[in-house]
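Asks: pasting the sequence and the predicted coordinates here, then a few questions.
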Amino acid sequence: MKDILARLEPDQIALRQMVAKLAADRFAPHAREWDRDRTPLPAAERRALSDLGLLGITLPEAYGGEGRPLLDALVVLEELAKASPVAAWPVFEACTGPARVIDLFGSDEQRSRLLPPIVAGEKTLAVSISEPEAGTAATDMTTRGRIDGDAVVINGVKRWCSGAGHSEQYLVYLRLDDSPGSRAIGAVVVDGDTPGVEFGAQEQLMGFRGICSADIGLTDVRVPLTNLIVPAGGFSTLFTAFSIERLGNATMSLAVAQTALDRAARHVTERRQFGRPIADFQLVQGAIADMVMRVEAARLLIYAAATEAGRGAPSPLAASIAKCTANETAKVVSDLAIQVLGGYGYSEEYEVERLHRDAHGWSLAGGTLNIQRVRIASEYLGTRFDQRVR
């Protein structure tokens, strides 16, 4: 890690150090409480992130952002997520999530209207893609948007929306005409308090506690046509934004793995058995070595993909490789940390069990490990693999 981080630019190193201190001082003391009580990040804490320019670090300066490269956002994201994924979530959504869809595909009017409140910490924009019968097969979605004069009238049900019931706005993916497959799909911004929008009960998830998740019901919801960000036929272009989101996802996994490794390394040098530090035992050394190798490999892949992206988006191949590797790294390393810590690793007091719970969530969100492998093979071979029965 030290060698890789030393290659960052001086301003990136300073940024990392500043955010690491902020995370340790302001957010880490609340991490266990937010996880236990499933508490979303308080509005005051979100504004604190805005005051430091962290919510708009990759968004254009014209709309209040910093206009910095994607790698800078990932450096920030990792340090916040090491302290608490709840603290990192608004930065994830603003810098690698649906706000980037508006940045990439929105009109000048849409960017100038929708991005400044996100940068200011006044609003959070969540993404809503999945449905009860459309998960990995996202193009099976049935939520419909009908153009009616100067409005889009929406009907349907969305599922697994992270931020549902807490975020102020939602980027809803929907069908806009009768074309088959992806050709009818676009995206529109819906305010959470629009008449006809209803939120289901909060999901009691294994991890991601404090990051809300619920169904969204949309019944004759009227949204101004000016909120239509991506018209019908634009779904394929959205993979550009998906690649950015997947690097954000990979970085959240990296934070889990690095934190688990750090806690395991500290434990093995302090814990004594049979009159010796347990770091003296070769099987423990082997576990630490495996953890280090996986974490370093994941970071190299993420940094390489982000460096390639610059201020834009990484290639789909690089993003999927980084996500798949980092997701698996988080699961394996957090599990090894539990084994190394023994009973302490299984105790909520040491929070390693929380890391393991969260690790599994990131491997499901944004495209499962199975679908990432399909995408990796597809991109590498230059062949599209149709998963549907013919």
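Replies: Yes, it's here.
Asks: could you give me the buried positions within stretch 335-351?
Replies: Buried residues in stretch 335-351, counted by 16 or more other C-beta atoms under 10 Å: 335-338, 340-341, 344-345, 350-351. Any C-beta I mention is one placed from the backbone N, CA and C, and that applies to glycine too.
Asks: let me fix that, I meant to ask about stretch 129-146.
Replies: Buried residues in stretch 129-146, counted by 16+ other C-beta under 10 Å: 129-131, 134-135, 138, 141, 143-145.
Asks: avg pLDDT for that stretch?
Replies: Average pLDDT, stretch 129-146: 92.
Asks: and the contacts of that stretch?
Replies: Residues from elsewhere that reach stretch 129-146, judged by C-beta atoms under 8 Å, 6 or more residues apart in numbering: 152-161, 172-176, 181-182, 185-186, 188, 218, 223, 235, 367-368, 370-371, 387-388.
Asks: so which of these belong to strands?
Replies: Of the contacts of stretch 129-146, the ones assigned to strands by DSSP state E are 152-161, 172-175, 185-186, 188, 218, 223.
Asks: L261 contacts A289, correct?
Replies: No - applying C-beta atoms under 8 Å as the test, L261 and A289 come out as separate, 10.8 Å apart.
Asks: taking the buried residues of stretch 129-146, tell me the two that lie furthest apart.
Replies: Spatial extent of the buried residues of stretch 129-146 (C-beta to C-beta) is set by the pair G135 and G145 at 20.2 Å.
Asks: mind listing which of the buried residues of stretch 129-146 are in strands?
Replies: Residues of the buried residues of stretch 129-146 located in strands (DSSP E): 144-145.
Asks: gap between D140 and E270?
Replies: 52 Å (C-beta to C-beta, to the nearest Å).
Asks: actually, P116.
Replies: For P116, the distance to E270 equals 48 Å [C-beta to C-beta].
Asks: more neighbours: the two, which one.
Replies: Legend: neighbour count by other C-beta atoms under 10 Å for P116 and E270, higher for P116 (17 against 10).
Asks: just the buried members of the contacts of stretch 129-146?
Replies: 152-161, 172-176, 182, 185-186, 188, 218, 223, 235, 367, 371.
Asks: list the contacts of the residue lying closest to L228 once chain neighbours are set aside.
Replies: Counting by C-beta to C-beta, 6 or more residues apart in numbering, V188 is the residue found nearest to L228 once chain neighbours are left out, at 4.9 Å. V188 makes contact with 145, 152, 154, 171-172, 174, 223, 227-229, according to C-beta under 8 Å, 6+ apart.
Asks: mind redoing it with 6 Å?
Replies: Neighbouring residues of V188 by C-beta atoms under 6 Å, 6 or more residues apart in numbering: 152, 172, 223, 227-228.
Asks: pull out the buried positions in the lengthiest helix in the chain.
Replies: Scanning the chain for the helix with the most residues, using DSSP state H, yields helix 239-270. By neighbour count on 16+ other C-beta under 10 Å, the buried set for helix 239-270 is 240-261, 263-265, 267-268.
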